[in-house]
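Enquirer: give me coordinates for this.
(chains A and B)
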Amino acid sequence: MSDATPQDIGIDDYAVREHRSLWVDAWRRLISSNTARLGMFIVALFILSAVWAHFFWLYDPNKDLDYTLKLKPPNLTTTEKVTALHPFGTDKLGRDIFRRTVHGGWNSLRVGIVAVGISMLIGVFLGLLAGFYEGMPITPMERIFLQGFLGLALGSLSAWVARQPLQAVLFVGLGVVSVYFDRFLAGRKIRVILFAVAGLLIGAVLGFFVAPLVAAICGLWGALVGAILSVPASGKFFSNIVMRAMDIILSFPSYLLAIAIVAFLGPGLEKGMIAIGIVGIPIYARLARSAVLSVAQKEYVLAAMSVGEGHGRIIFRQIFPNILSPIIVQSTMGLGGAILSAAALGFLGLGAIPPEPEWGAMLGDSYKYLASGSWWAVLFPGLAIMFSVLGFNLLGDGLRDALDPKMRV
Amino acid sequence: MTRFILRRVLSMLPTLIGVTFVIFMFQRLIPGDPAVAMLGEHASEENVERIREQLGLNRPAFLDRDALANGDLRGFFDTQYLRYLGRLIRLDLGNSIHRRIPVAETLAIRFPATVELALLSLTIAILIGLPVGIAAAARRNTILDSVTMIGSLVGVSVPIFWLGLMEIMLFAVFLGWLPSSGRLSTGVEITSITNLVLVDSLLTGNIPGFIDALKHIILPAIALATIPMAIIARMTRSSMLDVLQEDYIRTATAKGLTERVVLFRHALKNAFLPVITIIGIQAGTLLAGAVLTETIFAWPGIGKWVYDAILGRDYPIVQGGTLLIAIIFVFFNMLVDVSYALLDPRIRYD
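Expert: Numbering: from 1, shown residues only, chains lettered A, B, ... in the order given. This is a model prediction of the structure:
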């Protein structure tokens, strides 16, 4: 009796509960949810079957062609005319739709995963930075960097016009000086004028070596740049630039933008991945930014600031884990969305190059035969898209609940 | 507040200039010479050169620094991009290369078709998605919640073009209840006032025309509404769930307020912010035209038109159409931001 543990006598003492990390905890909650398990099952089924088919079920789309089997409905027993099993029927070239659907998964899933990877990595990173610098004061070093960059960006124009790289360097210097002497005559008009004159001199004097008119234009521009540089940019400015750039991408409807990018890059699966990835960036950026803004004033962030943690550390150790949940919801939704977009591009004939199997392209191939009653050629690839997307969405939903720290018991 | 709204409206300007820049760059970057596209493959060198000059394609893209060095200030600014901006200010979108008619004219006919479809879809999506999302959150972990969530998950998982095809198969091919394509049956005439056929037919008291238009718009509108509806329902639910865990909700309930008041006056107001974002983004997306839905239902909207133009290298249409779409999109983003400020006093914009 003397060496009995609490478990032996059925007391689950809170104090002796084993230590579990957030992730172990989340995993346990994930596998205890029915819908999440279903999602995991569907996703695993699609991924495993696609990978297995790609490596072990040899299929050469270039040689798959049999007009005698054109548009046969699904059969589950063989007959004299149709000697092989076609559980999903055959398409307009007599190809087995089941086989092409399984193989198509490799292409469709790959596009989705890579595209979301691209948009999430870039988008979340930009959104984190934008939100953080909008909600927080920035350090002197960051201000120098920001102002120098601003000087470079604006100064390059006059440097380009006059073909004098030196001008750009000088404008960077002007920006750095502006931060360095940010108290000097701060808030007074004379400061703006002083910097404008400095800019004017940089542009005009150097431009004069090229031609008088160049000096005039560069001088005018330089004065403007100088005036802008006289006020050190705040973090809000950085955030504005990032979010306006995102707005510009968002200003184009996703399908049209993806189509335009593919039209520019040329058709193909890899081009589709890039196109869909680029189109998705702003969604993650906006989401991450608004999430950061909502946690930026929380006590733990202020505490981290006040004990002097570096900005990178605060962003990635304090803020990032706390905005992960909406990003996970969005990226799983996005995974589904990317598979859908890939299918849409394929449907329009801009994705996989025929006869490569891909779900959207298979639909695009066959939908004209719908009116003549060949429903199977349209139904099954569509179901494959739907179920794979559904699987990712179910899994994402489960992850959302599992990763929510509020639900931690 | 007024100052904030004013500033937000003004801040659309840089975005729009950026948009014109991207559209302009797109034309330059895409392979193929517009002059050749206009004249055909076998045009003579001279003719191509003449057209290039006419279109200003022989000018530098942004600024002509050589002209400036030679003392020619006019030449400095006389470039492709600035000419393009100049034409835009005069609302001159150019002529279609293939059809040789002004882009603006076609736009005035095509765009209302898109607006009509988009507004109806969005209305369906909000009217169903919002209440369903609220109900699911209020009755968490009940059958209602599960059904809603599974339904909305299937909704966001369906490829809309496939759903459209299935709708056509069921309602047009097998049952024959609804027409499968177009905006009106042949022979039905509606006097155009706004070019929105549903509105026009009502304004002119043309009831048979209205019914015909309604029959045509139902299938595409449902197909198009599916995804926004599901997204709105999901977002509303998850946002409401977050808010319903807050202390003030418990306080409100403990005070003895009815569930309706707690849900709508206390919770919804605070849960609405992410929902507004989603609705705004969806509205922009829908108004931008749905290439696939328009393709399948032969809907004469803007998405299909621009898509065809991209493939056919009809640059003026691509530029004009995309610009209009982009302006709408930017405008909606601004509305979302302004609604943020109006709805959430925690967000300060000074």
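
Enquirer: now do the contacts for the residue nearest the centre of chain A.
Expert: Centroid-nearest residue in chain A, with Cα atoms, centre = their mean: residue A:119, separated by 1.5 Å. By Cβ atoms under 8 Å, 6 or more residues apart in numbering or on different chains, residue A:119 lies in contact with A:276-281, A:283-284, A:334, A:338. Just so you know, the C-beta spots here come from the backbone N, C-alpha and C atoms, and that holds for glycine as well.

Enquirer: give me the subset of those that also touch chain B.
Expert: residue A:283 (Cβ under 8 Å from any Cβ of the partner chain).

Enquirer: min pLDDT across the contacts of residue A:119, which one?
Expert: When the contacts of residue A:119 are sorted by pLDDT, the bottom entry is residue A:334 at 82.

Enquirer: ramachandran coordinates for that one?
Expert: The phi/psi pair for residue A:334 (degrees, to the nearest 10) reads phi -70, psi -40.

Enquirer: dump the residue contacts of it.
Expert: Taking Cβ under 8 Å, 6+ apart as the test, what residue A:334 contacts is A:116, A:119-120, A:280, A:283-284.

Enquirer: switch to 7 Å and redo it
Expert: A:116, A:119, A:280 (Cβ atoms under 7 Å, 6 or more residues apart in numbering or on different chains).

Enquirer: just give me the closest of the residues you listed to chain B.
Expert: residue A:280 (12.3 Å; Cβ to the nearest Cβ).

Enquirer: residues of the stretch 1-150 of chain B that sit close to chain A?
Expert: Residues of the stretch 1-150 of chain B found near chain A (Cβ under 7 Å from any Cβ of the partner chain) are B:14-15, B:18-19, B:22, B:26, B:29-30, B:63, B:65, B:68-69, B:71, B:73.

Enquirer: in PyMOL, select just the buried ones from the residues you listed.
Expert: Selection command for PyMOL covering only the buried members of the residues of the stretch 1-150 of chain B next to chain A, criterion 16 or more other Cβ atoms under 10 Å in any protein chain shown:
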select buried, chain B and resi 15+18+19+22+26+30+63+65+68+69
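
Enquirer: just the ones of the residues of the stretch 1-150 of chain B next to chain A in helices?
Expert: Among the residues of the stretch 1-150 of chain B next to chain A, DSSP state H puts B:14-15, B:18-19, B:22, B:26, B:29, B:65, B:68-69, B:73 in helices.

Enquirer: just put the residues you listed in CSV and tack on distance to residue A:207 and pLDDT.
Expert: As requested, those are exported to CSV (distance: Cβ to Cβ, whole Å; pLDDT from 0 to 100):
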residue, distance to residue A:207, pLDDT
B:14, 26, 80
B:15, 31, 78
B:18, 27, 82
B:19, 31, 82
B:22, 30, 81
B:26, 33, 75
B:29, 31, 73
B:65, 11, 74
B:68, 10, 71
B:69, 10, 70
B:73, 14, 71
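
Enquirer: and which of those residues is nearest residue B:141?
Expert: For those, the closest approach to residue B:141 (Cβ to Cβ) belongs to residue B:15, at 43.2 Å.

Enquirer: so the closest one makes contact with residue A:250?
Expert: No: Residue B:15 is beyond contact range of residue A:250, at 9.2 Å (criterion: Cβ atoms under 7 Å).

Enquirer: and the stretch 301-409 of chain A, which of its residues are near chain B?
Expert: By the rule Cβ under 7 Å from any Cβ, the part of the stretch 301-409 of chain A lying against chain B is A:333, A:336, A:340, A:343-344, A:347, A:363, A:367, A:370-371, A:375, A:378, A:382, A:385-386, A:389-390, A:393-394, A:397, A:406.

Enquirer: out of the contacts of residue A:119, who has the most neighbours?
Expert: residue A:276 (32 neighbours; other Cβ atoms under 10 Å in any protein chain shown).

Enquirer: helix or strand for the residue nearest to it when sequence neighbours are not counted, which one?
Expert: With sequence-adjacent residues excluded and distances taken as Cβ to Cβ, 6 or more residues apart in numbering or on different chains, residue A:276 is closest to residue A:115, at 3.8 Å. Assigning secondary structure by DSSP states H and E places residue A:115 in helix A:97-135.

Enquirer: next one: residue B:320 from residue B:344, what distance?
Expert: Between residue B:320 and residue B:344 the distance is 37 Å, computed by Cβ to Cβ, to the nearest Å.

Enquirer: of the two, which one has the most company?
Expert: Taking other Cβ under 10 Å, residue B:320 and residue B:344 do not tie; residue B:320 has more neighbours (25 against 14).

Enquirer: contacting residues around the closest residue to residue A:360 other than its chain neighbours?
Expert: In this structure, residue A:360 finds its nearest non-sequential neighbour in residue A:346, 2.7 Å apart by Cβ to Cβ, 6+ apart. Contacts for residue A:346 (Cβ under 7 Å, 6+ apart) come out as A:352, A:358-361, A:364.

Enquirer: in helices, which of these appear?
Expert: In helices, judged by DSSP H, the following of the contacts of residue A:346 are found: A:359-361, A:364.

Enquirer: in space, what's closest to residue A:123 - neighbours in sequence excluded?
Expert: residue A:284 (2.7 Å).

Enquirer: for chain B, what is the nearest residue in chain A?
Expert: Taking Cβ to the nearest Cβ, chain A has residue A:253 as its residue nearest chain B, at 3.2 Å.

Enquirer: hang on, the earlier thing: buried stuff in the helix holding residue A:115?
Expert: A:97-120, A:122-124, A:126-135.

Enquirer: pull the distance from the helix or strand just after that helix to the chain's centre.
Expert: Remark: after helix A:97-135, the chain's next helix or strand is helix A:140-162, criterion DSSP H and E. When C-alpha coordinates are averaged (Cα atoms, centre = their mean, to the nearest Å), helix A:140-162 and its chain have centres 28 Å apart.

Enquirer: and the closest residue to residue A:268 other than its chain neighbours, its phi and psi?
Expert: In this structure, residue A:268 finds its nearest non-sequential neighbour in residue A:353, 6.0 Å apart by Cβ to Cβ, 6+ apart. Main-chain torsions, residue A:353, degrees, to the nearest 10: phi -90, psi 130.

Enquirer: ok, now residue B:95?
Expert: According to degrees, to the nearest 10, residue B:95 has phi -110, psi 150.

Enquirer: please name the nearest non-neighbouring residue to it.
Expert: residue B:102 (5.5 Å).

Enquirer: if I look at the one you found, how far off is chain A?
Expert: 21 Å (Cβ to the nearest Cβ, to the nearest Å).

Enquirer: ok, back up a step: and the residues of the stretch 301-409 of chain A next to chain B, which are buried?
Expert: Of these, these count as buried by 16+ other Cβ under 10 Å: A:333, A:336, A:340, A:343-344, A:347, A:363, A:367, A:370, A:375, A:378, A:382, A:385-386, A:389-390, A:393-394, A:397.
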